[in-house]
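K.L.:
My questions are about this predicted structure, shown below with the sequence.
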Amino acid sequence: MFPERLDAPQAHAIARAMMDGFNRHYRLFRAESARAKHRFETADWHGQQRAQRERIEFYDLRVRECVRRLDKEFGAGRLPMDVWHQAKLHYIGLMVNHLQPELAETFFNSVTTKILHRTHFQNEFIFVRPAVSTEYLESDAPGARPTYRAYYPQGGALREPVLQMVADFDIQRPFEDLERDVDRVVGAMQERLGSARLRRNFQLQVLSSLFFRNKGAYVVGRLINGFAEIPFALPILHGERGGLVIDAALFGEDDLQMLFSFARAYFMVDMEVPSAYVQFLRSLMPRKPRAELYTALGLAKQGKTLFYRDFLHHLRYSSDQLRITPGIPGMVMLVFDLPSFPYVFKLIRDRFAAPKETTREQVQAKYLLVKQHDRVGRMADTLEYSLVAFPRERFSDELIEEIQRHAPSQIEISDRDGDGRQEVIIRHLYIERRMIPLNIHLQECFDAGLDKPEVRRALEYAVVEYGNAIKDLVAANIFPGDMLWKNFGITRNGKVVFYDYDEIEYLTDCEFRRVPPPRTEEDELSGEVWWPVGPRDVFPETFAPFLLGNPAVREIFLRHHADLLDVDFWQSHKERIQAGHVYDVFPYDVQRRFGAGGPAAASLSPPASSSSTGAMP
């Protein structure tokens, strides 16, 4: 219940201190994002990677700073609950006319839950629902950059508005041949528009900031022609001669879904009003949850907030039970899901069966490594939560028994409100997009019969994509460790993605070795490893017996990815990365590149050969 009066003298000061903490956070976050443009212009790829890693840590650092300040200045943990009620109301007042109110609410929640005991996490203490609307939110400050710019063709010609659009980004590095690139973009747009004539309302609407990630910068916008709206993105890269090139033209929701995939690193974007960017992006990708868009923009805490709100809403309007996820159980993670919800919930087991030799802390470190690394479209992002409350009635009894048997330290069942309605508290949890495990997909192909052409094509595509996924990970300096098919999944758009991280290592930390020749006849006939093996030694020749038992799979794999069984492949990539080389890994098929045969505006079918992988030397 809210207080009738705002008479606690320290309540406003607490609210002001929390808002100061948030404003400092977003100022630093935005400044680091803005510096991505200079790093792109100067080809500072290692600096870009370092900045992306460090920016992920900004939020938690600012939260801890704010908690320390509140404890030091106000003795925050000892204050009565009435003061916190009043502090929240003052904080709401401070969010009026704020340009990032939704982010400020999440910051308030993060700070408050660090100070108050979990039993106080009630609606009146934190923002479970937004208190301030972000609809139509824009900056009115003099000289403020608009969320997007609109360009109109003169006399039906697209060339001039496209040229002006590129010029307005003021990139401080010359293009190799901008006239050529613009002609290619215009040709791709005209091909996409087809025979449709340009309507009176025709325009290009383009977000005012470039989207930076890895070695690329992306123009993101939409074509509007009558009632038709076509999302598009233009990747800008450094060309072979040192100048910039517009590398491709991507069109439609599916292309942009791939660009903003949950299996890719976060963008760096200079945004004054992030909610306006998310609203624009939602118009381009209406199937993509707002939570994933905030996360893709580097605002992972806001993504977590919105995800949890979406999950609570789904629980209210569903009735199925959480269950043990079908498939081969993991040795490190216990995985469960809600059949009606497209995510899986993963918690670390208390004990790991042999041959696993790891600890909870080491597993968490691996997941953090993935969070901070370039995921190149091949490693699923995870949402990490602590002290998550679920209604007990939504758990199957089998799932409760499984958790209590394998991860008893991670579960608590309580009757918090004393009304007989129990809740389950999970102490530490990872949440990922649900995918079809690759081993299950292959088995479905075998069961359907490989004599059917469409089944054979599906099998070949999956095996080729599996190899492509490994090669993309290698290009990103990642050795996946356990490469069994069950540790990879197929997304709804057909990409093969890795999701089991407890054995990953940096490629440059591994020692790739050949199997030594047998010393004796007994060695040759032995089924055991008779040669010495170090903790990070890898023998690519030994992969085949574990991965290629099925003759059909083996034939496809060897035809497209036999190099993965050769130590030279791994060693050569390791040496290039150690020498400072940063590989290009494209978030679109290489056939879409203008240098690979000209503009290809039509949506292409999934690639069917190893040449389709995005990893380039």
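P.N.:
Looks like it came in fine.

K.L.:
how about Val497, secondary structure?
P.N.:
With DSSP: H, G, I helix; E, B strand; the rest coil as the basis, Val497 sits in strand.

K.L.:
how near is it to Glu541?
P.N.:
Going from Val497 to Glu541 by Cβ to Cβ, to the nearest Å gives 26 Å. (Glycine included, C-beta is placed from N, CA and C.)

K.L.:
Comparing the two, which shows the higher neighbour count?
P.N.:
Per other Cβ atoms under 10 Å, whichever of Val497 and Glu541 has more neighbours is Val497, with 23 against 12.

K.L.:
That one and Asp381 touch, don't they?
P.N.:
No - Val497 is beyond contact range of Asp381, at 9.9 Å (criterion: Cβ atoms under 8 Å).

K.L.:
longest single helix anywhere in the chain?
P.N.:
In the chain, assigned by DSSP state H, the helix with the most residues is helix 45-74.

K.L.:
could you point out which element follows that one?
P.N.:
Toward the C-terminus, helix 45-74 is succeeded by helix 81-95 as the next helix or strand (DSSP states H and E).

K.L.:
Name the nearest residue to the residue most central in space within the chain, ignoring sequence neighbours.
P.N.:
Among the residues of the chain, the one closest to the centroid is Phe262, at 3.4 Å (Cα atoms, centre = their mean). Distances taken as Cβ to Cβ, 6 or more residues apart in numbering place Asp381 nearest to Phe262, at 4.8 Å, with adjacent residues excluded.

K.L.:
how near is the residue nearest to the centre of the chain to Ala296?
P.N.:
From Phe262 to Ala296 the distance is 8 Å (Cβ to Cβ).

K.L.:
Also Leu558?
P.N.:
37 Å.

K.L.:
which of those two has more neighbours?
P.N.:
Using other Cβ under 10 Å, the more surrounded residue of Leu558 and Ala296 is Ala296, with 26 against 14.

K.L.:
Need the per-residue pLDDT for the more buried one.
P.N.:
With respect to pLDDT, Ala296 scores 96.

K.L.:
can you tell me how far it sits from Leu223?
P.N.:
22 Å.

K.L.:
ok so, going back, need the residues touching each of Val497 and Asp381.
P.N.:
The contact sets of Val497 and Asp381 overlap at Ala263 (Cβ atoms under 8 Å, 6 or more residues apart in numbering).

K.L.:
what about the stretch 451-600 of the chain, any weak spots by pLDDT?
P.N.:
522-527, 530, 596-600 (pLDDT under 70).

K.L.:
ok, now with 80
P.N.:
The stretch 451-600 of the chain contains residues with pLDDT under 80 at 517-532, 595-600.

K.L.:
Quick one: the strands in it, in order.
P.N.:
With strands called from DSSP state E, counting those that start in this stretch, the stretch 451-600 of the chain shows them at 478-479, 488-490, 496-498, 505-506, 511-512, 537-538, 584-585.

K.L.:
So what's the gap between the fifth one and the chain middle?
P.N.:
When distances are taken as Cα atoms, centre = their mean, to the nearest Å, strand 511-512 is centred 29 Å away from the chain's centroid.

K.L.:
Parallel or antiparallel, which strands does that strand pair with?
P.N.:
strand 537-538 (parallel) (DSSP bridges).

K.L.:
same question, the second one
P.N.:
Partners of strand 488-490 in the sheet, by DSSP bridges, are strand 436-437 (antiparallel), strand 496-498 (antiparallel).

K.L.:
most neighbours per residue, which of these?
P.N.:
strand 496-498 (a mean of 25; mean count of other Cβ atoms under 10 Å).

K.L.:
Now do the helices for the stretch 501-617 of the chain: every range, in order, please.
P.N.:
All helices of the stretch 501-617 of the chain, identified by DSSP state H, counting those that start in this stretch, fall at 521-525, 543-547, 551-561, 567-578.

K.L.:
list the helices and strands the second one packs on?
P.N.:
With contacts defined as 3 or more Cβ pairs under 8 Å, 6 or more residues apart in numbering; DSSP states H and E, helix 543-547 has these neighbours: helix 551-561.

K.L.:
Counting by contacts, list what the helix it packs on packs against.
P.N.:
helix 453-475, helix 543-547.

K.L.:
Appreciated, that's everything.
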